[in-house]
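Enquirer: I'll drop the sequence and a predicted model, then ask my questions.
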Amino acid sequence: MFAHAADGPKGSLVIMGGSERYDTSEFWTEIVSLAGGPGAKIAILPTASSDPQRVASLVIDPLQKAGAETFVLPITWSNPSESAQQAANDPELAQKVLLAQGVFMVGGSQSRIVRALYNDDGSQTEVLKAMFQSYEAGGVIAGTSAGAAVMSRVMYRDAESVLKTMLEGVRMGKEIDRGLGFLPDDWFVDQHCLVRGRFARALVAMQHQGFPFGLGIDENTGVVIRRGHDLRVIGHKGVIVMDLSAATTDTTIEKFNLQNVRLTYLDRGDRFDLTTREVTPSLEKLEEQKIEPFSPDFRPFFRKQLFFNDILANTTVADLMGKLIDNKFPTAIGLAFDGMQARTEPVDGFEFLFTRDEESVGWYTERFGGDDYTVLNIRLDIRPIRITGPLYE
């Protein structure tokens with residue numbers, strides 16, 4: 001991997017979880033602002049897409065409306081006369097990247113990006129070298145969906161469903177593979193994370209590869225990371241921070257299990273330091289309600305024991321964490337199993353036990369027009385279970 005400068009890169013990462021709305025200006029103005037403002041040159045890398053010309057045009061429009069001058073890097077797998085890897089070694093293209101103030105990687109298949117930007121011997125192509133040099137010097141590296149997945153040193157490449165991944169595990173070179181490594185080496189990232197329940201598969205990859213920390217970024221949401229550590233959440237929803245630094249595994253159990261995972265949910269405007277792991281809630285939350293369950297003044301809003309039949313469902317884990325921090329009961333349970341199969345026979349699955357303890361705290365605001373929580377340090381224990389089927393008659 002590229003060795004970052006001792007004092008950290010001068011540039012910024014904008015990592016977007018996928019399905020961003022092109023008419024939402026926040027993402028695009030943020031990228032242009034970080035790149036230097038109106039007139040900043042942004043290179044579009046369409047390599048991940050099977051229809052690179054069309055997808056690149058979709059990104060060009062909002063970036064240009066935000067003031068950027070854009071150009072497309074012709075590094076695609078649809079050019080019959082030149083492979084993407086050959087194009088990525090073109091010194092003229094690399095020079096264009098160096099002269100630009102940013103690079104944006106579109107969505108699609110992340111394996112296409114990695115295959116294009118690494119040589120067969122594992123070394124970096126000239127364009128990838130230029131991307132790192134630009135980032136170190138102050139440029140912006142941005143990406144959505146597949147363009148977000150490649151940001152850590154290991155990425156998901158071609159995985160099955162989240163549940164199947166938990167049941168069967170991952171293999172390097174199969175379900176997971178080498179990423180580009182713009183994030184610090186101890187951080188993993190996954191995208192479409194809350195909508196698709198991918199926080200759970202992130203935990204599988206993190207355990208397998210020894211990552212102590214991970215970021216699960218939701219759709220229409222992004223994180224801005226400046227100088228390699230200063231993170232801020234932008235967009236519609238939020239980000240789950242996964243901390244496995246003190247987690248344990250029962251090796252006597254063959255199936256996937258984890259104890260003492262620590263989860264933190266960050267919402268729009270919240271800040272987080274990747275180095276110190278200190279959280280600073282948004283100004284809106286700081287000016288309103290802090291939730292301290294172990295305070296004598298704690299008056300919980302929710303008074304029902306939480307139980308979720310499908311913890312991998314759309315945004316369920318974020319909803320659970322918000323309701324648990326402000327609840328009379330300190331624990332919540334979520335299950336993950338194949339409900340269709342369980343209709344007729346017993347099936348394997350997992351229990352997710354969430355616990356609010358002395359380290360847990362939260363903040364709340366309604367200023368964005370809904371219920372927005374920031375939740376710190378919820379404990380999570382995952383154990384394999386057997387669902388007795390038929391589930392119902």
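Expert: Received, thanks. Residues are numbered from 1 along each chain as shown.
Enquirer: going forward, measure contacts between C-alpha atoms and count neighbours the same way
Expert: OK.
Enquirer: Give the other helices and strands that the lowest-mean-pLDDT helix or strand in the chain contacts.
Expert: Ranking every helix and strand in the chain by mean pLDDT, DSSP states H and E puts strand 289-291 at the bottom, with a mean of 92. Contacts defined by 3 or more Cα pairs under 8 Å, 6 or more residues apart in numbering; DSSP states H and E place strand 289-291 against strand 347-365.
Enquirer: hang on, Lys10 packs against Val140?
Expert: No: applying Cα atoms under 8 Å, one finds Lys10 not in contact with Val140, separated by 9.4 Å.
Enquirer: Just want to know which of those two has more residues nearby.
Expert: Higher neighbour count among Lys10 and Val140: Val140, with 31 against 17, using other Cα atoms under 10 Å.
Enquirer: With adjacent residues omitted, what lies nearest to that one?
Expert: Distances taken as Cα to Cα, 6 or more residues apart in numbering put Gly102 closest to Val140, at 4.3 Å, once the chain neighbours are dropped.
Enquirer: What separation do you get for that neighbour and Leu274?
Expert: Separation of Gly102 from Leu274 (Cα to Cα, to the nearest Å) stands at 22 Å.
Enquirer: list the buried ones in stretch 378-393?
Expert: Residues of stretch 378-393 classed as buried by neighbour count (16 or more other Cα atoms under 10 Å): 378-384, 387.
Enquirer: so which two of those are the farthest from each other?
Expert: In the buried residues of stretch 378-393, two members sit farther apart than any others by Cα to Cα. They are Ile378 and Ile387, at 25.6 Å.
Enquirer: Counting by contacts, list what the helix ranked longest in the chain packs against.
Expert: Across the chain, the longest stretch assigned as helix under DSSP state H is helix 52-65. Under the contact criterion of 3+ Cα pairs under 8 Å, 6+ apart, helix 52-65 touches helix 25-34, strand 41-45, strand 69-72.
Enquirer: quick one: strands adjacent to the second one?
Expert: Same thing as strand 41-45. Strand 41-45 pairs in its sheet with strand 69-72 (parallel), strand 102-105 (parallel), by DSSP bridges.
Enquirer: most packed of those?
Expert: strand 102-105 (a mean of 28; mean count of other Cα atoms under 10 Å).
Enquirer: So what touches it?
Expert: With contact meaning Cα atoms under 8 Å, 6 or more residues apart in numbering, strand 102-105 is reached by 35, 40-48, 97, 131, 134, 139-144, 146-148.
Enquirer: before we move on, what about stretch 55-67?
Expert: 22-23, 25, 28-29, 32, 37-40, 44-46, 49, 69-70, 72, 106.
Enquirer: So which residues of the stretch 201-350 of the chain form strands?
Expert: With DSSP state E, counting those that start in this stretch as the criterion, the stretch 201-350 of the chain has strands at 213-217, 221-226, 230-235, 238-243, 258-267, 271-273, 279-280, 289-291, 306-308, 331-337, 347-365.
Enquirer: Of those strands, which shows the lowest average pLDDT?
Expert: Looking at those, the lowest mean pLDDT belongs to strand 289-291 (a mean of 92).
Enquirer: Can you list the buried residues in it?
Expert: 290-291.
Enquirer: Same question for stretch 57-67.
Expert: 59-60, 62-64, 66-67.
Enquirer: Please convert those residues to TSV, extending it with pLDDT and distance to Phe211.
Expert: Shown next, in TSV, are those (pLDDT from 0 to 100; distance: Cα to Cα, whole Å):
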residue	pLDDT	distance to Phe211
Val59	95	32
Ile60	96	35
Pro62	96	35
Leu63	97	34
Gln64	97	37
Ala66	96	36
Gly67	97	38
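Enquirer: Identify whichever of the strands of the stretch 201-350 of the chain lies nearest to Ser161.
Expert: Comparison of these against Ser161 by Cα to Cα identifies strand 331-337 as nearest, at 11.4 Å.
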